[in-house]
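1. pasted the sequence and its predicted model underneath.
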Amino acid sequence: MPSLSVNRNAFRLVTNLCDNPDEYGVIVRESDLGAYIIDAGIEAKGGRLAGKAITEICLGGLGEATLSPMNLGGLRLPSISVFTDHPAISTLGSQLAGWRVKVGDYSAVCSGPARALALKPKSIYRKISYKDESDVAVIVLETEAEPPEEVITYIASSCHVSPEKLYLILVPTSSLAGATQISGRAAETGIHKLAELGFDPKLVTHAWGWAPVLPVHPDFVEAMGRTNDAILYGGVTYYTVNDDHDGNLKGLVERTVSSASGQYGQPFAEIFRQADSDFYKIDPGLFAPAVVTISNAKTGKTFTAGEIDREVLRRSIGLQGAN
């Protein structure tokens, strides 16, 4: 059994969430199969505290999140900051929204520790040399609807646990908890981009990231746009690495930031509509933080690229031209 179990660590946080539903604004119930359903924004009120807790659960209990204000040139917004001393496992191995569950007519993007039991996707776990072993599974579904029993059965089977050992947290993109936990993915987004560019994520020893939590919107496309914009145009990340060579780090950092993409510069909802609502027509390189800084502990040198784009953030939330 691995010394660091993202599911067993997250289970302690989920227990606290279930034991204090009124505090976090969630609704907890058991499905007919015995699985625990935790609604954080469909029928439930949810909120920032729930979003903070879900962020730490998604990290497999191997990171901490903090809520704080931020000032973007006179635009004052809430923000979430996340740090982890186990970056590869907590972000790529747990937090990454890397599992699209589709059973019949039901579909949801899934993240969280349960991925490390189902190995979704396997390529990520080969890259970070990690697989969890646990008799309890915790999964976060970005969804507007509660999953039917056949979905619960499929997830439990994929994770090799019994349904009564499965904890499903449901959080809509358009909810406050959803917006908060997505903004809590800035560090994960940067590490994923680094890995896609060929950098070994196991060389990242510490990670920190923060991003604004933009106002929620009832329309799904607008809500999705704002949650992406928070990271693409407002996400700031800092990584410590142990790399024997500095030679490629400067160019790597410059290619990692979102502004390296040719589609950078418009609110994401506009980009999505121009792509005929087809994610495959959007440059994957766009999905990255606005600012990336890498400090190499082996040499003491630091490299940085990118900047926060206040104007696009204003446009994203309908404050175009505001001071």
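-> That came through fine. Numbers count the residues shown, from 1 in each chain.
2. buried residues in stretch 295-309?
-> 295, 296, 303, 304, 305, 306, 308, 309 (16 or more other CB atoms under 10 Å). All C-beta spots, glycine's among them, are computed from the backbone N, C-alpha and C.
3. now intersect the residues you listed with the strands, please.
-> With DSSP state E as the criterion, strands contain 295, 296, 303, 304, 305, 306 from among these.
4. distance to residue 39 and pLDDT added to the residues you listed, as CSV?
-> Listed next are these as CSV, based on distance: CB to CB, whole Å; pLDDT from 0 to 100:
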residue, distance to residue 39, pLDDT
295, 40, 98
296, 44, 97
303, 43, 98
304, 40, 98
305, 40, 98
306, 36, 98
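5. all strands of the stretch 151-300 of the chain, in order?
-> Assigned by DSSP state E, counting those that start in this stretch, the stretch 151-300 of the chain shows strands spanning 166-170, 204-212, 236-241, 291-296.
6. about what we covered before: okay, the buried residues of stretch 295-309 in a markdown table with distance to residue 57 next?
-> Output for the buried residues of stretch 295-309, formatted as a markdown table (distance: CB to CB, whole Å):
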| residue | distance to residue 57 |
| --- | --- |
| 295 | 28 |
| 296 | 31 |
| 303 | 32 |
| 304 | 30 |
| 305 | 31 |
| 306 | 29 |
| 308 | 28 |
| 309 | 30 |
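7. low-confidence stretches in the stretch 201-323 of the chain?
-> For the stretch 201-323 of the chain, residues meeting the criterion pLDDT under 70 lie at 320-323.
8. just the helices in it please.
-> According to DSSP state H, counting those that start in this stretch, the stretch 201-323 of the chain carries its helices in the segments 220-232, 249-256, 268-274, 310-316.
9. quick one: buried residues of the last one?
-> Yep, that's helix 310-316 we're talking about. Within helix 310-316, the residues scored as buried using 16+ other CB under 10 Å are 311, 312, 313, 314, 315, 316.
10. helices and strands around it, which ones?
-> Helix 310-316 sits against strand 75-84, helix 220-232, with contacts defined as 3 or more CB pairs under 8 Å, 6 or more residues apart in numbering; DSSP states H and E.
11. fine by me, we can end here.
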